[in-house]
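Asks: Just to be clear, the model below is a prediction. Sequence and coordinates:
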Amino acid sequence: MAILSKDEAQTILKKVLSFSTADECEVTLNGTTGGNVRSARNAISTSGAVDNVSLAVESRFGKRSGIATCNEFDDATLRRCVQRAEEIAKLAPESPEYMPLLGPQQYLESPKSFAANTAGITPDYRAQQVAASMKLCDAKKLTSAAFLNDSAGFVAKRNNKGLEAYQQITNLDFSITVRTPDGTGSGYAAADFTDISKFDAARMTQIAADKATGSVGAKAIEPGKYTVILEPAALVSNSDASLLGALMNALDARNADEGRSFLSKKGGGNRKGEKMFDERVTIYSDPTNPELADLTFSGDGRPQKKMTWIEKGVVKNLYSSRFWAQKNNIADIPRPGGFIMEGGTQSTQDLIKGTAKGILVTRLWYIRAVDPQTLLFTGLTRDGTFYIENGKIKYPVKNFRFNESPVIMLNNLEAIGKPVRLGGNLVPPLKIRDFTFTSLSDAV
Amino acid sequence: MKRREFVGLTGFAAGALFLPSFPGFGGNPVDPERLLEQVDPAIKKRLADAAMNAAKSAGATYADVRIGRYLNQSIFTREKQVQNIGSGESYGAGVRVLANGTWGFAATNTVTEAGMAKAAQLAVQIAKANSKVQKEKVQLAPQKGYGDVTWKTPIQQNAFEVPIAQKVELLLAANAKALENGASFVNSSLFQINEQKYFASTDGSYIDQDIHRIWPTFSVTAIDRASGKFRSREALSAPMGLGYEYLTPKAADKIAGPTGTGLVGYKMSYDMLEDAALAAQQAKSKLTAKSVVPGKYDVVLDPNHLGLTIHESVGHATELDRVLGYEANYAGTSFATLDKWKSKNFQYGSKLVNIVADKLQPGSLGAVGYDDEGVKTGQWDLIKNGVLVDYQKTRDQAGILGQDHSDGCSYAQSWQDVQFQRMANVSLQPGKEKMSVDDMIKNVDKGVYIAGRGSYSIDQQRYNFQFGGTVFYAINKGKIDGMLEDVAYQANTQEFWNSCAAICDQSDYRLFGSFFDGKGQPSQVSAVSHGSSTTRFNGVNVINTARKIG
């Protein structure tokens, strides 16, 4: 029963609300179905399946709140779940940051967030895709490790103040690392999709395989400040922290107002409205974007709309909790899902052609915050790093450690390429001058 | 304890149950009273037998069953208020089988004989499907069955039985200490985990284990509004495999830090109020601390810092699945390749460096009597007198090294995740000669003393790393000489461990811990501890991390 229709879901939610005796009650249904396959050494190592629907009931008496969940849907279980949420609410401390539940909301339509062919993926489909990938590596005598994960699901909400929401969503993500048998070359490719018609594991494997064979015999060059071309997988990530992700995570109004953010202002307040980045930097979110369709409501029921975060280098908006927004009389904006960085029309290859000297970076790894004051992060290049000279890849280079801030990086912008989808975001390759590499790594 | 008594004592009980996105803290929120319930092992045995019989009937040559009840509780506060309290439970069973020489796995939350049998049949079906593309059959190291056995973390007080009101009171008292001592902000939290795990296998084991972990922690921030500068200092507690007794401070568990720092190290109990007060003072001091001059220094590393260095540069590097390439797409591989191990002379570190893996270390997060494939646990050497001598293995890996037994390194974060190779507690053995931290520092001409975890990053083969810390002090001509900031050190793993020049003795030995160590796809977390005494490394590259943004 993982994918309930809107009517089926709202019928359950209405019934649950009818059992409530609380001052306020909000109920949420989440359902997911899907599966995954993991491979290593050109063989399937593990695989799994997910199929679950769960109900969360939040009951409130005054400023006290309690939540209970269940994943069975007979009347007796639903009544018990409501009763338990109410018992917990009565025992809870009053919240000093209490906000009443939202009433009816208008949500945007996002019809592209669900694709029937993704929801229809079978174990055979997964096995075929991974088998095609492994076959390609076998033929080239390369070794691969890959992960394919797909899901289809829905979220439905309803409360006794009149709020009602429902949406379906699908996703598939695939990543692969190909290595040469002697361990001296490694390449990577990753992508994600709402609709799997564009997915082809073998094509992605070919990209990773080319990088692996091309990265054999990497030369050591001195660390320092270099012009770099960061591919999208080096800017966002589906498996680790990322530089652009970190920037988006730092756009919280409360942290900025409290003085503990790179957006905090000397003497108090925040830097909203200030130009902090190159004027070509524009980042926004839009849950109705056909390439990146996302949920049109947030976890607390606020509508998700097109929202500009950085426009022509100026910080335009910060997200906040409803409590903080009301307390400070600021815009009440929820944190977005994915984000979109505007770019141009050039491919990564085009960016390489226009580079006299520089370094192409496929992927960044183990990215960790060093100083929240300056949003400084450290991490390493991985799985394909190449030296560029006169518009061409000249030779592979050994991996580097970097110490860099996305704030500084987005002020040192040389060129922006065409955005592609990755990790639930649309991200362009970027050409950045004076990117700071601080040491060499022998890792392949 | 009766329900009414418990609920009455909880006071706040389970308030707003918004769990943060900490892995391992999922599960369904529950009434805290339910956390004290146990499932009868006889019932679990009957259910496990149903699953194993179904698996064998479907064609499995081996099957193991894990019936797990995973409990967690988390309390979050900031300044004078409670933010969230969550109590969660996850109950179900995972069945792993070998059929046609290939693994299959299925999990269910329908913990009935019929539900278990169905999961077992699905696991066999998956194994048979995957076997069509499998190249080599899985070879399991032999494992004798232990019959009906039990194991429990040796705790004195079950933290789940302690009223939530009492825990909230402690966290708010710690916050008050921080605020009294000049903190601008303070966030504190307490995490508790109880894994009630039942393992059965066709080898003939029926193992019932009750595992407990606890982690009190906080972060204090001091702000200078005029300059816009802010600095934080994290708690110097360690997550531990202990009960609530960890939060009753004992004088015998306190170890004085270097003279001139005011720091206190904690062994098997933790004084949260004392640490919170010092944290606030140190966060304020960091606002005006000198920025480090980059260069080569002798670094003296406190166990609460060095634990993470051990974890990243030795613990992960000696995981055999990484060495073999199973983590290549995510967590990476390892520089500690089989040829280095086979050579029997790969000098991982200086001769002072002896690193052991230990699955039974008292107080540690990774302590279990048996792992998640029924292997009785123990201790073994990874690095002996500086030489790489072994790895960390599971049953299906031992044969690859020509060994006839697993090290008991199999673990799954929950019943619904498949078990795979995870790190044991990996620890640096203390020095044999008596040496206090002051004794060590008096021999340092130009150095930096570092305590507490901080920023940490290492490459995908565990060569190049950069670590920060929580507090830093200059060492000048044998003495602590004021606080530093903007400090991080970079090194290559082998060079770093070969620069190990001195290790304090057993009296300084403490555990560091990590509650949420991630690995695998889909990613799973595990908890693990790393012990050490304060240790000195000579000639390490220290960098200055200060930058300017417009």
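Replies: That came through, no problem.
Asks: Let me see the contact set for residue 117.
Replies: By default, I'm working from chain A. A:195, A:196, A:197 (CB atoms under 8 Å, 6 or more residues apart in numbering or on different chains). Just so you know, the C-beta spots here come from the backbone N, C-alpha and C atoms, and that holds for glycine as well.
Asks: sorry, should have said chain B
Replies: In this structure, residue B:117 makes contact with B:50, B:51, B:53, B:54, judged by CB under 8 Å, 6+ apart.
Asks: let's go with 7 Å and repeat that
Replies: With contacts defined as CB atoms under 7 Å, 6 or more residues apart in numbering or on different chains, residue B:117 is in contact with B:50, B:51, B:54.
Asks: Repeat that for residue B:47.
Replies: Going by CB under 7 Å, 6+ apart, residue B:47 touches B:67, B:93, B:111, B:113, B:116.
Asks: For the contacts of residue B:117, pick the one with the most neighbours.
Replies: Within the contacts of residue B:117, residue B:51 tops the neighbour count with 30 neighbours, counted by other CB atoms under 10 Å in any protein chain shown.
Asks: would that one count as being in a strand?
Replies: No - in this structure, residue B:51 is helix, not part of a strand, as judged by DSSP: H, G, I helix; E, B strand; the rest coil.
Asks: Report the secondary structure element holding the residue nearest to it when sequence neighbours are not counted.
Replies: Leaving aside its sequence neighbours, residue B:51 sits nearest to residue B:116 (CB to CB, 6 or more residues apart in numbering or on different chains; 3.9 Å). Residue B:116 is located in helix B:113-131, with elements delineated by DSSP states H and E.
Asks: Now do the end-to-end distance for stretch B:262-277.
Replies: According to CA to CA, to the nearest Å, stretch B:262-277 extends 11 Å from its N-terminal end residue to its C-terminal end residue.
Asks: pLDDT of that stretch, averaged?
Replies: Over the span of stretch B:262-277, the pLDDT mean works out to 98.
Asks: contacts for it?
Replies: B:170, B:173-174, B:177-178, B:181, B:216, B:218, B:220, B:235-237, B:242, B:245-250, B:253-257, B:278, B:302-304, B:363, B:451, B:510.
Asks: among those residues, which are in strands?
Replies: With DSSP state E as the criterion, strands contain B:216, B:218, B:220, B:254, B:255, B:256, B:451, B:510 from among the contacts of stretch B:262-277.
Asks: Show me how to select, in PyMOL, the buried members of those.
Replies: In PyMOL, the members of those classed as buried (16 or more other CB atoms under 10 Å in any protein chain shown) are selected with the following command:
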select buried, chain B and resi 216+218+220+254+255+451+510
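Asks: Any chance of the ones in strands among the contacts of stretch B:262-277 in CSV with distance to chain A and pLDDT as columns?
Replies: Rendered in CSV, the data for the ones in strands among the contacts of stretch B:262-277 read as follows (distance: CB to the nearest CB, whole Å; pLDDT from 0 to 100):
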residue, distance to chain A, pLDDT
B:216, 19, 98
B:218, 15, 98
B:220, 11, 98
B:254, 30, 98
B:255, 28, 97
B:256, 30, 96
B:451, 17, 98
B:510, 24, 98
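Asks: Which parts of the stretch 51-200 of chain B are strands?
Replies: With DSSP state E, counting those that start in this stretch, the ranges of strands along the stretch 51-200 of chain B come out as B:62-78, B:81-99, B:102-108, B:147-152, B:185-201.
Asks: Residue B:423: which of the ones you listed is closest?
Replies: Nearest of the strands of the stretch 51-200 of chain B to residue B:423, taken as CB to CB: strand B:185-201 at 16.6 Å.
Asks: Next one, pLDDT for residue A:123 please.
Replies: The per-residue pLDDT reported for residue A:123 equals 84.
Asks: Now do the phi/psi pair for it.
Replies: The phi and psi values for residue A:123, taken as degrees, to the nearest 10, are phi -60, psi -40.
Asks: thinking again about what came up before, any idea how far the helix holding residue B:116 is from the chain center?
Replies: Per CA atoms, centre = their mean, to the nearest Å, the displacement of helix B:113-131 from the mean C-alpha position of its chain is 32 Å.
Asks: The nearest residue to residue B:196 once chain neighbours are set aside: how many residues sit nearby?
Replies: Leaving aside its chain neighbours, residue B:196 sits nearest to residue B:69 (4.1 Å; criterion: CB to CB, 6+ apart). Using other CB under 10 Å, residue B:69 has 22 neighbouring residues.
Asks: do the same with residue B:147
Replies: 9.
Asks: List the contacts of it.
Replies: Applying CB under 7 Å, 6+ apart to residue B:147 gives the contacts B:204, B:206.
Asks: What residues are bridge-paired with it?
Replies: residue B:205 (DSSP bridges).
Asks: Now do it against residue B:206, distance only.
Replies: 7 Å (CB to CB, to the nearest Å).
Asks: what about residue B:502, which helix or strand?
Replies: Using DSSP H and E, the secondary-structure element containing residue B:502 is strand B:500-503.
Asks: ah, wrong one, I meant residue A:149
Replies: Using DSSP H and E, residue A:149 sits within strand A:143-159.
Asks: cool, residue B:274 as well?
Replies: helix B:272-286.
Asks: now that helix and strand B:185-201, what's the angle there?
Replies: 130 degrees (axes from the mean of the first three to the mean of the last three CA atoms, to 10 degrees).
Asks: Show the contacting residues for the residue nearest to residue A:44 when sequence neighbours are not counted.
Replies: Distances taken as CB to CB, 6+ apart put residue B:130 closest to residue A:44, at 5.0 Å, once the chain neighbours are dropped. Shown here is residue B:130, whose contacts under the criterion CB under 7 Å, 6+ apart are A:44, A:47, B:102, B:104.
Asks: Out of the residues you listed, who's the most crowded?
Replies: residue B:104 (29 neighbours).
Asks: is it true that it touches residue B:127?
Replies: Yes - with contact defined as CB atoms under 7 Å, residue B:104 reaches residue B:127; the gap is 2.7 Å.
Asks: Now the common contact residues for the two.
Replies: Residues touching both residue B:104 and residue B:127 (CB under 7 Å, 6+ apart) are residue B:97.
Asks: what are the pairing partners of the lengthiest strand in chain A, and which direction each?
Replies: With DSSP E applied, the strand covering the greatest number of residues in chain A is identified as strand A:43-61. Next to strand A:43-61 in the sheet, as set by DSSP bridges, lie strand A:24-40 (antiparallel), strand A:64-70 (antiparallel).
Asks: could you dump the ones you listed to a markdown table with mean pLDDT, distance to residue B:393 and mean neighbour count?
Replies: As requested, the strands paired with strand A:43-61 are arranged in a markdown table below (pLDDT from 0 to 100; distance: least, CB to CB, whole Å; neighbours: other CB atoms under 10 Å in any protein chain shown):
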| stretch | mean pLDDT | distance to residue B:393 | mean neighbour count |
| --- | --- | --- | --- |
| strand A:24-40 | 93 | 16 | 22 |
| strand A:64-70 | 87 | 38 | 23 |
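Asks: Would you confirm that residue A:267 contacts residue B:225?
Replies: Yes - contact between residue A:267 and residue B:225 holds when scored by CB under 7 Å: they sit 6.1 Å apart.
Asks: Looking at those two, which one has more neighbours?
Replies: Here residue A:267 and residue B:225 are set side by side on neighbour count (other CB under 10 Å), and the busier one is residue B:225, at 15 against 10.
Asks: give the contact list for the more buried one.
Replies: Neighbour list for residue B:225: A:259, A:267, A:268 [criterion: CB under 7 Å, 6+ apart].
Asks: near chain B, from the residues you listed?
Replies: With the criterion set as CB under 7 Å from any CB of the partner chain, the members of the contacts of residue B:225 near chain B are A:259, A:267, A:268.
Asks: what about the last one, how many neighbours?
Replies: Taking other CB under 10 Å as the criterion, the count of residues near residue A:268 is 13.
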